[in-house]
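In: can't give you the sequence, but here's the structure:
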């Protein structure tokens, strides 16, 4: 199956000007559709953006708990093909000292952060898997590390061999202790599994694409743990009709569930 993680960039009208959502929503939808992913994990999904994506991806079922008490934005949304999966369960928790309290944040986190998850039955193989989608804080290193620990503690509740996929904008490059925490907990980077440990270049390009220095700052990740194997991985750097779908490059991985 193919997995896609994509930070689609909130609709920031005041800042993004020609790159605001109204001008790139079709480009973003088409870029996502072109990957033909079985599972799509998106970050920074606002209310209007979620409606546009759901309308543009009719063959996918969707799950995403909103991040704040009075909010309407399912920030870390998960889409999965109806014909490929049966949803067994779904949920979310806040990345804070009180993960059961809606809208909570801790450790100097600038934004409210949460992790959404779905448990899916792969119809073809009959194997169950779990997908977790998140977006760690962009300001506080302490918050990022504690948020990673919460995700690891949650994943550890499942048997070691149980297939799990973790996606998201971690706001952390490969040499950040945050990524080390994930590795220590048994998460394997799909991109590294295919291409080796070398620096793949940035995935956060600020709508500049190749005009930005491509070294460092791979912030967007697809990890696996348990009985699941990476078969391919790619950073999607090409614009569509001269426009980038987001200020992040999307990242894909082909994975296989093991018996």
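Out: Cool, the structure landed. Treat the numbers as computed from the prediction; the structure is a model and nothing was measured.
In: contacts and neighbour counts: CA atoms only from here.
Out: OK.
In: Correct me if wrong, but residue 143 is in a strand.
Out: No. Counting by DSSP: H, G, I helix; E, B strand; the rest coil, residue 143 falls outside a strand, being helix.
In: which other residues reach the helix or strand hosting residue 26?
Out: Remark: residue 26 resides in helix 21-35, with elements defined by DSSP states H and E. Helix 21-35 is touched from outside by 4, 8, 10-13, 49, 52-53, 56-57, 240, 243-246, 252, with contacts defined as CA atoms under 8 Å, 6 or more residues apart in numbering.
In: In space, what's closest to residue 13 - neighbours in sequence excluded?
Out: Leaving out its chain neighbours, the residue that sits closest to residue 13 by CA to CA, 6 or more residues apart in numbering is residue 20, at 5.4 Å.
In: Quick check: bridge partners of residue 256?
Out: Taking DSSP bridges, one obtains residue 229 as the residues bridged to residue 256.
In: how about it, what does it touch?
Out: Each residue near residue 256 by CA under 8 Å, 6+ apart is listed here: 1, 228-231.
In: Could you do residue 235 as well?
Out: Taking CA under 8 Å, 6+ apart as the definition of contact, the neighbours of residue 235 are 203, 249-252.
In: can you list these in TSV and add distance to residue 220?
Out: Rendered in TSV, the data for these read as follows (distance: CA to CA, whole Å):
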residue	distance to residue 220
203	6
249	8
250	8
251	7
252	10
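In: The residue lying closest to residue 103 once chain neighbours are set aside: how many residues sit nearby?
Out: In space, residue 103 comes closest to residue 68 once its chain neighbours are excluded; the distance is 4.3 Å by CA to CA, 6+ apart. Here the number of neighbours of residue 68 (other CA atoms under 10 Å) works out to 19.
In: before we move on, what about the one 3 residues further on?
Out: By the criterion of other CA under 10 Å, residue 71 has 13 neighbours.
In: distance of it from residue 46?
Out: The gap separating residue 71 from residue 46 is 9 Å, by CA to CA, to the nearest Å.
In: do the same with residue 2
Out: As for residue 2, its distance to residue 46 is 24 Å (criterion: CA to CA).
In: next one: residue 149
Out: 26 Å.
In: How far does the lowest-mean-pLDDT helix or strand in the chain sit from its chain's centre?
Out: Sorting the helices and strands of the chain by mean pLDDT, DSSP states H and E puts helix 13-16 at the bottom, at a mean of 87. For helix 13-16, the distance from its own C-alpha centre to the chain's C-alpha centre is 23 Å (CA atoms, centre = their mean, to the nearest Å).
In: next one: stretch 145-154
Out: Centre to centre, stretch against its chain (CA atoms, centre = their mean), the figure for stretch 145-154 is 15 Å.
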